[in-house]
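Student: just coords:
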């Protein structure tokens with residue numbers, strides 16, 4: 001381990017960190033361009049085969065960037081996409097980005113450092129960085145924007161320069177160090193550990209924009225919200241946002257173990273799709289879609305006397321037709337992904353004749369990220385972390401997400417030598433309650 005990393009683990013002061021040299025290379029989870037065709041036509045594209053952990057060169061810091069020593073990160077589904085080279089190899093993104101400018105050329109490499117979440121300590125700042133300094137404890141937004149693009153100032157997610165950090169860019173968070181634009185930075189909640197904090201930005205911010213933001217479904221008090229995959233990283237944050245916003249959360253899961261976690265989070269109604277056959281349809285058979293929609297709609301009406309106002313969608317092909325059918329007249333289907341397939345099929349009559357809305361949503365702009373982080377900092381929204389792996393075991397960690405055997409988020413320790421570190425406000429943690437923060441009891445693989 002390099003001297004700067006050792007000083008960080010020893011909790012050295014900022015002036016000491018500034019004196020120590022930045023290493024010329026660092027440990028990172030990455031894919032390699034020569035592996036793009038490795039899976040061929042294999043049905044199981046096992047990410048443990050393509051995710052590598054090894055040294056990569058330290059890039060030069062641009063004027064508007066900071067170098068973050070990453071204490072912990074987490075696995076998002078885009079790590080799985082990257083490692084399976086689907087739907088397109090991410091090296092396509094890096095090559096395209098590399099053509100846009102001199103600083104962007106750094107990203108076009110034969111390796112891709114992955115990771116769209118990070119919690120750590122700033123160890124260097126570019127000459128153009130004003131609001132942050134060495135020693136600050138920070139999180140990274142999963143979205144990088146071009147702040148010189150006009151539309152970015154209306155909504156950062158609308159700009160053509162908007163990129164998913166660590167997926168459409170290089171030098172992401174599953175590493176000992178990460179390159180982060182100053183316009184991505186978020187203050188780390190002081191009562192959370194490194195791994196807890198690292199599990200929140202991508203999923204909490206995305207769920208916030210989908211449900212609460214005026215750019216999403218505009219949830220109001222009393223709204224019934226159907227949440228597919230409610231025990232996943234996005235789902236557990238959606239359930240909490242619905243509950244704290246005065247809504248009624250209806251979670252759909254595939255096992256009793258996941259159902260129990262949702263009940264502990266306060267979900268008003270939990271539907272186990274494995275018991276009803278819901279979700280077994282491939283999304284293309286209209287009869288199956290309507291049958292499944294009627295089943296789930298009947299359960300919700302029996303419980304609450306009415307249909308859902310909002311459907312929280314990210315599973316895609318297997319569920320989208322059901323979502324369109326089951327949401328009430330004038331209701332909203334808000335979608336941010338398609339983990340079961342991108343080609344959606346639905347009966348358009350249910351959309352136009354019943355005046356329903358479909359809202360596309362992607363991650364969150366920086367203001368939305370700060371708002372969702374404020375709720376976490378206040379102890380209103382909790383991290384839901386089910387397992388923590390060391391960086392060297394990123395393949396196993398990502399495999400859990402690939403196989404959907406996880407609950408909530410899977411954390412990854414990077415420079416942090418063990419779990420439980422990083423809390424700088426123990427009094428607040430005690431006030432909120434350890435049992436609420438650590439709801440599940442984390443499975444520690446470190």
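Tutor: Structure received. Keep in mind it's a predicted model, so treat the numbers as computed, not measured.
Student: surely residue 176 and residue 5 touch.
Tutor: Yes - counting by Cβ atoms under 8 Å, residue 176 does reach residue 5; the two are 6.3 Å apart. C-beta here means a position set from N, CA and C on the backbone, and glycine is covered the same way.
Student: need the overlap of contacts for these two.
Tutor: Counting by Cβ atoms under 8 Å, 6 or more residues apart in numbering, the contacts common to residue 176 and residue 5 are 69, 415.
Student: those two: who's more crowded?
Tutor: Using other Cβ atoms under 10 Å, the more surrounded residue of residue 176 and residue 5 is residue 176, with 25 against 19.
Student: which residues touch the more buried one?
Tutor: Per Cβ under 8 Å, 6+ apart, neighbours of residue 176: 5, 26, 27, 28, 69, 70, 391, 414, 415.
Student: make CSV out of the residues you listed and add distance to residue 204, pLDDT and secondary structure.
Tutor: Output for these, formatted as CSV (distance: Cβ to Cβ, whole Å; pLDDT from 0 to 100; DSSP: H, G, I helix; E, B strand; the rest coil):
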residue, distance to residue 204, pLDDT, secondary structure
5, 28, 96, helix
26, 27, 98, strand
27, 27, 98, strand
28, 25, 98, strand
69, 23, 98, strand
70, 18, 98, strand
391, 22, 98, helix
414, 20, 98, coil
415, 23, 98, coil
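Student: ok, these vs residue 209, which is closest?
Tutor: Residue 209 has its nearest neighbour among these in residue 70, at 24.3 Å by Cβ to Cβ.
Student: how many neighbours does that closest one have?
Tutor: Neighbours of residue 70 (other Cβ under 10 Å): 32.
Student: can you check residue 367 too?
Tutor: Residue 367 has 12 neighbours, counted by other Cβ under 10 Å.
Student: just residue 132 next, same as before
Tutor: For residue 132, the neighbour count with other Cβ under 10 Å is 17.
Student: what kind of secondary structure is it in?
Tutor: At residue 132 the chain is in coil, as set by DSSP: H, G, I helix; E, B strand; the rest coil.
Student: quick one: it and residue 126 touch, right?
Tutor: No - the criterion here is Cβ under 8 Å, and residue 132 misses it with residue 126 at 9.9 Å.
Student: what touches both of those two?
Tutor: Joint contacts of residue 132 and residue 126 (Cβ under 8 Å, 6+ apart) are 66, 182.
Student: just the helices in the stretch 201-350 of the chain please.
Tutor: Using DSSP state H, counting those that start in this stretch, the helices assigned to the stretch 201-350 of the chain run over residues 201-211, 233-244, 256-265, 273-276, 286-304, 320-326, 349-352.
Student: winner for burial among the ones you listed?
Tutor: Mean neighbour count (mean count of other Cβ atoms under 10 Å) peaks for helix 201-211 among these, with a mean of 29.
Student: in this structure residue 231 contacts residue 262, no?
Tutor: Yes - at 6.0 Å, residue 231 counts as touching residue 262 under the criterion of Cβ under 8 Å.
Student: list residues touching both of those two?
Tutor: Between them, residue 231 and residue 262 share these contacting residues under Cβ under 8 Å, 6+ apart: 251, 253.
Student: can you tell me how far residue 210 is from residue 234?
Tutor: Counting by Cβ to Cβ, to the nearest Å, the separation of residue 210 from residue 234 is 8 Å.
Student: tell me, what's touching the two both at once?
Tutor: Applying Cβ under 8 Å, 6+ apart, one finds that residue 210 and residue 234 are jointly contacted by 312, 336.
Student: hmm, which helix or strand of this structure has the shakiest average pLDDT?
Tutor: When the helices and strands of the chain are scored by mean pLDDT, DSSP states H and E, helix 273-276 comes last with a mean of 78.
Student: residues touching it, excluding its own?
Tutor: 252, 253, 254, 255, 279, 292, 295, 296, 299.
Student: please, which helix or strand holds residue 124?
Tutor: With secondary structure defined by DSSP states H and E, residue 124 is part of strand 119-125.
Student: just to revisit the earlier point, format the contacts of helix 273-276 as CSV; extra columns: distance to residue 341.
Tutor: Converted to CSV, the contacts of helix 273-276 look like this (distance: Cβ to Cβ, whole Å):
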residue, distance to residue 341
252, 17
253, 20
254, 17
255, 22
279, 13
292, 16
295, 21
296, 20
299, 25
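Student: just name the closest of these to residue 14, please.
Tutor: Of the contacts of helix 273-276, the one sitting nearest to residue 14 (Cβ to Cβ) turns out to be residue 253, at 44.6 Å.
Student: ok, now how distant is the closest one from residue 168?
Tutor: Counting by Cβ to Cβ - residue 253 and residue 168 are separated by 30 Å.
Student: and these two? which has more neighbours close in?
Tutor: residue 253 (26 against 21).
Student: and the pLDDT at that one?
Tutor: Reported pLDDT at residue 253 in the predicted model: 94.
Student: who does it form a beta bridge with?
Tutor: Counting by DSSP bridges, residue 253 forms beta bridges with residue 272.
Student: that one and residue 227 touch, don't they?
Tutor: No - at 9.4 Å, residue 253 and residue 227 do not qualify as touching, with contact defined as Cβ under 8 Å.
Student: is there a neighbour count for residue 109? I'd like the number.
Tutor: 20.
Student: now do the contacts for residue 108.
Tutor: Contacts for residue 108 (Cβ under 8 Å, 6+ apart) come out as 94, 95, 97, 98, 99, 170.
Student: where does the chain have low pLDDT?
Tutor: Residue ranges of the chain with pLDDT under 70: 277-283.
Student: go again using 80 as the cut-off
Tutor: 275-284, 440-441 (pLDDT under 80).
Student: mind listing what's buried in stretch 93-109?
Tutor: Across stretch 93-109, burial judged by 16 or more other Cβ atoms under 10 Å covers 93, 94, 97, 98, 104, 106, 107, 108, 109.
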